[in-house]
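Peer 1: generate a structure from the sequence data that follows.
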Amino acid sequence: MMLNLMMFVVEFGAGLVANSAALMADSVDMLGDGLVYGLSLYALDRSLRWRAGSALIKGGFILLLGLGVIVEIVVKLIMGEPPASGLMLVFGTMALIVNLSCVGLLWPYRRHDVNLSSTFECSRNDVLANLGVLAAAGLVAVTSSPWPDAAIAAIIAFLFIRSSIRVIREAWPQFHHRHAAAAAE
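Peer 2: Numbering: from 1, shown residues only. Alright, predicted model coming up:
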């Protein structure tokens, strides 16, 4: 959790300096992960309804991240400057190492319950986003265009939105069922 929060600060700063929408999108995801991990740890010993509620919060947060990335893409395309691909490579690689570590730690718990499943989903998507940032950096270096950066940021936004819908779909019935059962008692 703390590593993710630290990487958010480092990667966001690098995204600002590099003028990279993909790097900034990935950094905001690091912030989200840090918060998601903290919430997931807090929810571990709570009731099923609490864990489902935690997953709903995570799903909503992931959705907001996806929408925020779309706004960032529009801003970067209006500016029209290609990002600094070297910085993207360095900080994208650092983020990939952090996220691969998180996936490794979460792997045994990926199907434990909706809370940990949603946390694993976030981490898995992060690895894909990191690989995308590295691909965008290479394409920006070759083309000197902002479009690869924007395209990867759009894919990251799509992953966020798709994951949020999946997490909310899984969590809502458990949250609603426990709420209905509690109201009937």
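Peer 1: all contacts plus neighbour counts: C-alpha atoms, from now on.
Peer 2: OK.
Peer 1: find the nearest non-adjacent residue to residue 56, please.
Peer 2: If the residues on either side of it in the chain are set aside, residue 56 comes closest to residue 168, at 5.4 Å by C-alpha to C-alpha, 6 or more residues apart in numbering.
Peer 1: show me what counts as buried in the helix or strand encompassing that neighbour.
Peer 2: Take DSSP states H and E as the rule and residue 168 turns out to sit in helix 147-184. Neighbour counts over helix 147-184 (16 or more other C-alpha atoms under 10 Å) mark 147-161, 163-165, 167-168, 170-172, 174-175, 178 as buried.
Peer 1: let me know whether residue 81 touches residue 149 as I believe.
Peer 2: No: at 10.4 Å, residue 81 does not count as touching residue 149 under the criterion of C-alpha atoms under 8 Å.
Peer 1: confidence score at the most centrally placed residue in the chain?
Peer 2: Centroid-nearest residue in the chain: residue 29, 3.5 Å away (criterion: C-alpha atoms, centre = their mean). Looking at residue 29, its pLDDT is 79.
Peer 1: give me the helices and strands touching the strand or helix carrying it, please.
Peer 2: Assigned by DSSP H and E, residue 29 belongs to helix 21-43. Helix 21-43 sits against helix 2-18, helix 48-79, helix 85-106, helix 114-143, helix 147-184, with contacts defined as 3 or more C-alpha pairs under 8 Å, 6 or more residues apart in numbering; DSSP states H and E.
Peer 1: now do the first one: everything it contacts.
Peer 2: Put plainly, it is helix 2-18. Residues outside helix 2-18 that contact it (C-alpha atoms under 8 Å, 6 or more residues apart in numbering) are 21-24, 26-31, 33-34, 83-85, 87-88, 91-92, 95, 98.
Peer 1: convert the C-alpha atoms of stretch 98-110 to CSV, please.
Peer 2: What follows is stretch 98-110, C-alpha atoms only, in CSV (Å, rounded to 0.1, in the frame of the first residue of the first chain):
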residue,chain,number,x,y,z
VAL,A,98,5.9,-2.4,-8.1
ASN,A,99,2.8,-3.8,-9.7
LEU,A,100,4.3,-7.2,-10.5
SER,A,101,5.2,-7.4,-6.8
CYS,A,102,1.6,-6.7,-5.8
VAL,A,103,0.2,-9.2,-8.2
GLY,A,104,2.6,-11.8,-6.8
LEU,A,105,1.5,-11.1,-3.3
LEU,A,106,-2.2,-11.2,-4.2
TRP,A,107,-2.2,-14.2,-6.5
PRO,A,108,-3.1,-16.8,-3.8
TYR,A,109,-6.1,-14.7,-2.7
ARG,A,110,-7.5,-13.7,-6.1
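Peer 1: which parts of that stretch are buried?
Peer 2: Under 16+ other C-alpha under 10 Å, the buried positions of stretch 98-110 are 98, 99, 100, 102, 103, 106, 110.
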